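> Output the structure for:
(2 chains)
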Amino acid sequence: MRRARIADGVVVALLAWLVGWPLVVVTGAALEAPGGFGTALAAFAAREGEALALARSLWISLATVALAAAIGVPLAFLFARAQFPGRRALAELVALPVALPPLVGVIAFLYLWGESGLGTRLVMAAGGLESPPWRLSGAGAILVVHAYSMYVYFYLFTRAALARLDPSLAEAAASLGAGPVRRFFRVTLPALRPALGGAAVLTFLTALGSFSAPYIFGGSYRVMTTQILASKQNGDVDLAEVETVVLTLLALGGFLVARRFERGEAASRQRGGAAARRPAPTRGARAALAVAGWGLALLLLAPHLTLGLLSLVPRATWSTEVLPPVLSLDNYRRMLGSAEALRPVANSLGMALAATAAALVLGFAAARAARRGGALGRAADLLMAVPAAVPATAFAVALATTMSVARPWQGRFLLVGTLVLLPLAYLARALPSTGRAALAGLAQLDSGLEEAAASLGAGKLRTLWAVTLPVVRPALAAGAMLAFLAALGDFVLSIVLYTFDTRPISIEILSSLRLQETGLAAVYGVLLTALSAAVFLAFGREREA
Amino acid sequence: MSAPARPLRLEGLVKRFGDHAVLEGVSLAVPEGEIVALLGPSGSGKTTLLRLVAGFERADAGRILLGEERIDELPPERRGFGMVFQHYALFPHRSVAGNVAFGLETRGLARAAIAARVEAALARVELGGLGGRRISEISGGQQQRVALARALAPEPPVLLLDEPLSNLDPSLRERTRRELAALLRALGITTLLVTHEQEEAFELGTRVALLHGGRLVQVGTPGEIYRAPATRFAAGFVGRASFVPVEVVAAGDGPVRVRGAGLPGGEAEAEAAEALAVGERADAMLRPEALELAEPGTPRTLAGEVVAARFGGAWSWATVRAAGGLEVEVLVPGPPPALGAAVAVARRPDARPRVYRRETP
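Below is the predicted model of the structure:
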């Protein structure tokens, strides 16, 4: 027991150094700004661009929540309640965007609905228009892209809650005289409230920390995340630090609200009967539902399908035609044939694997410490969750600030510009996924199991290896999958922290795009999409089995 | 207190799920104010029958009438029946009082009237003062009573109960059963109750409807069903019984004479549950109280060995295995005999076996 507490102490110290310390250092740096934090904050608030960026971040995040709910909730009802051919497969497919890297989604959206996008060209051709009917930029574009990718939170949360919902609740309401409309608004919707609240907070936090969409589509429309990067790239490090602290505080506020919702949901969770799925009464209705389901799914997955098509368009072969005139595997050959072009792929895979493996070990150790409770346990529980709350841009700046000087006695090392910094950032971002998964797995582990192993003569290591790990493995695998996918497709941490030698796929996509290599960028996008989808869907099947 | 009780009539109800027929033509009359318990093993269709009455399922054939009004085409919310669900289905987002008020709100009552009736409904189930509690804050027994109060508050003409006690601890179940029986009788409300437990059906039901394989096997008072089960299934499902193979040696309009090596006394006059011909093979049903133990070697007895025994206070049950592996259960006064003891089983002189045609395998 005593040895376990010492190990927990080491784990907490490591977590504190990796996760907590950079935030403390950047806050300290912001406080030390000439004239103190108050002055810096006043200066921040006084600058028109800053206040505006903050207001825009908030506004965009709230609007994203509303739009994502408007798509995700009806979609969840359609797939949970209606019955039509292909429902099961589509229900999984519609959740796919959650596993796809945000940057790839943004690029795919650009290829479909951008000024020279495939969909835009089709609309122009169909309407006989001379110029695109819309411009994909500014707040509108950011919002559309956000809604398009973040509806998945509402979709998944609502679907899960509907599956758990006891169907006899609605029956009880009916037997008490409530008609369908009253049942929906007075019983079903209130019963879904904790799930909807959870999805709303998660969407809000994701939108607040969203970087790819504002970066690609925002242009001069700056939000906090893009503002931080701009300040940093302009050399205004003090301002970047103040911005980082402001955004972090905002996100941590949302995070605390999210934790309350989570507890509320856990309390209201009830035994679930099999949800009553009423088959559509007529053949016509079935067909209509099937068309609606397939149509929606196609619309939501269209950007990624477009990405696949555009990866087949060789460089400089498509100018004004509605559809690309030439399709070939040329771009794939160019990527596979060049060591230089494969380098980012190797980088991303290597760094993601290393970060995931380390995050698994650290996350599991942190989860065990958390379950042992006490002050150390609470610290481990909180620290491993923090990176999920802090926007990646903010965390990257904090890490860069902390690791830009060599003061080992302060726990600060000169890591900026080295190969280590980016994987270290991936590791920190992966901790919430692996740590929470380990916690969930350990929660399933009946403590009697470990005691039984001990009573049968198994030592601590043997118990861990032969009993604990096998039981926790499915949950760990789920966490590892999420962590790996996030690291593989990361763009936000990378753009702040990458060096030429560690440049990952996402950065290569961006530079290909700048060089007008849309086809090559699409190939990288397809590669990321395929890898992510394969891991996600293979895992989804295992989850159901 | 409640709305005028009205009789409920089910006529020829048929329900299929795909190719599987769950109900094959069930007709049942529940006179006003009567409590009918639908009793049957799992899969007998009793829950489906209740859900048809509630309106959650539609019958493939047949009619449901409340008084003279045909209701099987109405949606559940327009039938106005109170229902208590197996897992109670209490709304987690509403307080205890909010749950009870729900059915009154849908009827558009004024706030003050709702509050008064909620208070009265909670008082009736001894939950006065708990209206403000959250559902997660009250015990399972209290949840059961909230569910009952919620169903009764709108004063429905018919009350439907789906295994209302199955979610309670055994110790609590008996007390709750007694209270529920008293409450239902005091209210005089027409009630249909689903249960798979005989004790529950016998204590709560003024009449019991026995279901098996989607058909009504027998409808009667608990006493009628226990004394004269209509089929071999009914005899085995209700109460304890031993079956002894016999052959019919004489048959007429009234009782039949049967003979069998396993029948204590060898031959007996018996009640025929169905028409039997001389020479036909049958099973004679004997309740444990129809048998008694005698000294080994007593004439006109069945010799055997005690293989199982259950102590029950003033009375005990002994299972006796005779030659050929036939086992019969005997009710004995006082403590049971020792396991392995050699005994003889006699038939009480006034006890008449009931015989059923042997089911040919």
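
> which parts of the stretch 101-250 of chain A sit against chain B?
Counting by CB under 8 Å from any CB of the partner chain, the stretch 101-250 of chain A comes close to chain B at A:166, A:168-169, A:171-179, A:182-183, A:186-187, A:190-191, A:193. (Glycine included, C-beta is placed from N, CA and C.)

> which of those count as buried?
When those are checked for burial by 16 or more other CB atoms under 10 Å in any protein chain shown, the buried set is A:166, A:168-169, A:171-178, A:182-183, A:186-187, A:190-191, A:193.

> So which of those sit within helices?
A:168, A:169, A:171, A:172, A:173, A:174, A:175, A:182, A:183, A:190, A:191, A:193 (DSSP state H).

> Quickly check these for the two that are furthest apart.
Using CB to CB, these span at most 22.6 Å, a distance reached by A:175 and A:193.

> list the contacts for whichever residue of the stretch 151-300 of chain B sits closest to chain A?
At 6.6 Å from chain A, residue B:154 is the closest residue in the stretch 151-300 of chain B, using CB to the nearest CB. When contacts are counted by CB atoms under 8 Å, 6 or more residues apart in numbering or on different chains, residue B:154 touches A:176, A:177, B:80, B:82, B:103, B:104, B:107.

> Check residue A:327 too.
A:309, A:312, A:313.

> just residue A:216 next, same as before
Neighbour list for residue A:216: A:103, A:106, A:107, A:110 [criterion: CB under 8 Å, 6+ apart].

> Can you report how many residues lie near the last one?
When neighbours are counted by other CB atoms under 10 Å in any protein chain shown, residue A:110 registers 23.

> State the distance from it to residue A:156.
Distance, residue A:110 to residue A:156, using CB to CB, to the nearest Å: 25 Å.

> Hmm, residue B:277 is touching residue B:247, no?
No. Between residue B:277 and residue B:247 there is no contact under CB atoms under 8 Å: 10.9 Å.

> between those two, who's got more neighbours?
Using other CB under 10 Å as the criterion, residue B:277 and residue B:247 rank with residue B:247 on top: 17 against 9.

> Where does the more buried one fall, secondary structure wise?
Assignment of secondary structure by DSSP states H and E places residue B:247 within strand B:242-250.

> How about residue B:102?
Following DSSP H and E, the helix or strand that holds residue B:102 is helix B:96-106.

> so residue A:133 sits right up against residue A:123, yeah?
Yes. Contact status for residue A:133 versus residue A:123: in contact at 6.3 Å, counting by CB under 8 Å.

> which of those two has more neighbours?
residue A:123 (16 against 9).

> picking up where we left off before, how about the ones in helices among the buried ones among the residues of the stretch 101-250 of chain A next to chain B in TSV, adding pLDDT?
Shown next, in TSV, are those (pLDDT from 0 to 100):
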residue	pLDDT
A:168	88
A:169	90
A:171	90
A:172	91
A:173	92
A:174	91
A:175	90
A:182	91
A:183	90
A:190	89
A:191	86
A:193	85
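
> Do I have it right that residue A:176 meets residue B:150?
Yes. Under the criterion of CB under 8 Å, residue A:176 makes contact with residue B:150 at 7.0 Å.

> hey, what's in contact with both of the two?
The contact sets of residue A:176 and residue B:150 overlap at B:82, B:102, B:103 (CB under 8 Å, 6+ apart).

> Now do stretch A:128-143: everything it contacts.
By CB under 8 Å, 6+ apart, stretch A:128-143 touches A:56, A:59-60, A:63-64, A:67, A:109-110, A:113-115, A:117, A:120, A:123-124, A:127, A:210, A:213-214, A:217-219, A:221, A:223.

> Which of the residues in that stretch are classified as buried?
Buried, per 16+ other CB under 10 Å, within stretch A:128-143: A:132, A:136, A:137, A:139, A:141, A:142, A:143.

> With stretch B:247-264 instead?
B:247, B:248, B:251, B:256, B:257, B:258, B:260, B:262, B:263, B:264.

> Report the separation between the second one and residue B:278.
According to CB to CB, residue B:248 stands 5 Å off from residue B:278.

> what bits of chain A have low per-residue confidence?
For chain A, the stretches flagged by pLDDT under 70 are A:1, A:33-38, A:40, A:259-281, A:446-448, A:457, A:539-545.

> can you give me the strands in it?
Shown for chain A, no strands are assigned by DSSP state E.

> residues contacting the closest residue to residue A:463 other than its chain neighbours?
Excluding its sequence neighbours, the residue lying closest to residue A:463 (CB to CB, 6 or more residues apart in numbering or on different chains) is residue A:453, at 4.3 Å. Residue A:453 sits next to A:462, A:463, A:466, A:467 when contact means CB under 8 Å, 6+ apart.

> Mind putting these into a markdown table with distance to residue B:326 and neighbour count?
Listed next are the contacts of residue A:453 as a markdown table, based on distance: CB to CB, whole Å; neighbours: other CB atoms under 10 Å in any protein chain shown:
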| residue | distance to residue B:326 | neighbour count |
| --- | --- | --- |
| A:462 | 54 | 13 |
| A:463 | 53 | 18 |
| A:466 | 51 | 11 |
| A:467 | 50 | 18 |
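
> so what pLDDT did residue B:249 get?
pLDDT, residue B:249: 91.

> For it, list the residues it contacts.
B:257, B:258, B:259, B:267, B:278.

> Max pairwise distance over the residues you listed: which two?
B:267 and B:278, at 13.6 Å, using CB to CB across the contacts of residue B:249.

> need the residues of chain B near chain A, please.
The interface of chain B toward chain A, taken as CB under 8 Å from any CB, is made up of B:54-56, B:75-83, B:85-87, B:89-94, B:102-103, B:106-107, B:136, B:150-151, B:154, B:160.

> Out of those residues, which sit inside strands?
Per DSSP E, these map to strands at B:82, B:83, B:160.

> Report the backbone C-alpha coordinates of stretch B:153-169 in CSV.
What follows is stretch B:153-169, C-alpha atoms only, in CSV (Å, rounded to 0.1, in the frame of the first residue of the first chain):
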residue,chain,number,x,y,z
ALA,B,153,-55.1,10.0,-9.2
PRO,B,154,-57.2,10.6,-12.4
GLU,B,155,-59.8,8.2,-11.1
PRO,B,156,-59.7,5.8,-14.0
PRO,B,157,-62.6,3.4,-14.8
VAL,B,158,-60.2,0.5,-15.0
LEU,B,159,-56.8,-0.2,-13.4
LEU,B,160,-54.1,-2.3,-15.1
LEU,B,161,-51.3,-3.7,-13.0
ASP,B,162,-48.3,-5.3,-14.7
GLU,B,163,-46.4,-7.5,-12.2
PRO,B,164,-46.8,-4.7,-9.6
LEU,B,165,-44.9,-6.4,-6.8
SER,B,166,-42.1,-8.2,-8.8
ASN,B,167,-39.6,-5.5,-8.2
LEU,B,168,-39.9,-5.5,-4.4
ASP,B,169,-37.8,-7.5,-1.8
